[in-house]
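Undergrad: Provide a 3D model corresponding to the input given below.
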Amino acid sequence: MLYLTRKIGESVIINDDIEVTVVDIRGKSIKLGFTFPADASVLRREIFERIQAENRAAAEAGGEALAAALRRPGGLKKDREPENEPAPESVVSKVDQS
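TA: Below is the predicted model:
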């Protein structure tokens, strides 16, 4: 971790396009100002961690749903067309011509 000492109005530049400026200091709190590109994402750590936890939970739930679908008779084939039906004539003739 990098530790810096900055005074009000002083900044640091990150990756040439993110600027962090000390705006105000009151007791044990500091107010920071950020200038960054529109496509950058800036989140408070507690929000970032909550999003990550929700994403992990959703991925696990999705994995469990997939596992359940694979365990059922016929697996995932229920969502597909029946395999015993012949291919449409237009597809067969195109394949035969090539």
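Undergrad: mind listing the helices for the protein?
TA: Using DSSP state H, the helices of the chain run over residues 45-71, 89-97.
Undergrad: Would you format those helices as CSV with distance to T5 included?
TA: C-beta coordinates here come from the backbone N, C-alpha and C atoms, glycine included. Shown next, in CSV, are the helices of the chain (distance: least, CB to CB, whole Å):
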stretch, distance to T5
helix 45-71, 22
helix 89-97, 71
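Undergrad: Mean pLDDT lowest where, among those helices?
TA: The minimum mean pLDDT among those belongs to helix 89-97 (a mean of 49).
Undergrad: hang on, the earlier thing: will you turn the helices of the chain into JSON lines that also has distance to R26 and mean neighbour count?
TA: Below are these laid out as JSON lines (distance: least, CB to CB, whole Å; neighbours: other CB atoms under 10 Å):
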{"stretch": "helix 45-71", "distance to R26": "21", "mean neighbour count": "10"}
{"stretch": "helix 89-97", "distance to R26": "73", "mean neighbour count": "9"}
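Undergrad: By residue count, tell me the biggest strand in this protein.
TA: strand 18-26 (DSSP state E).
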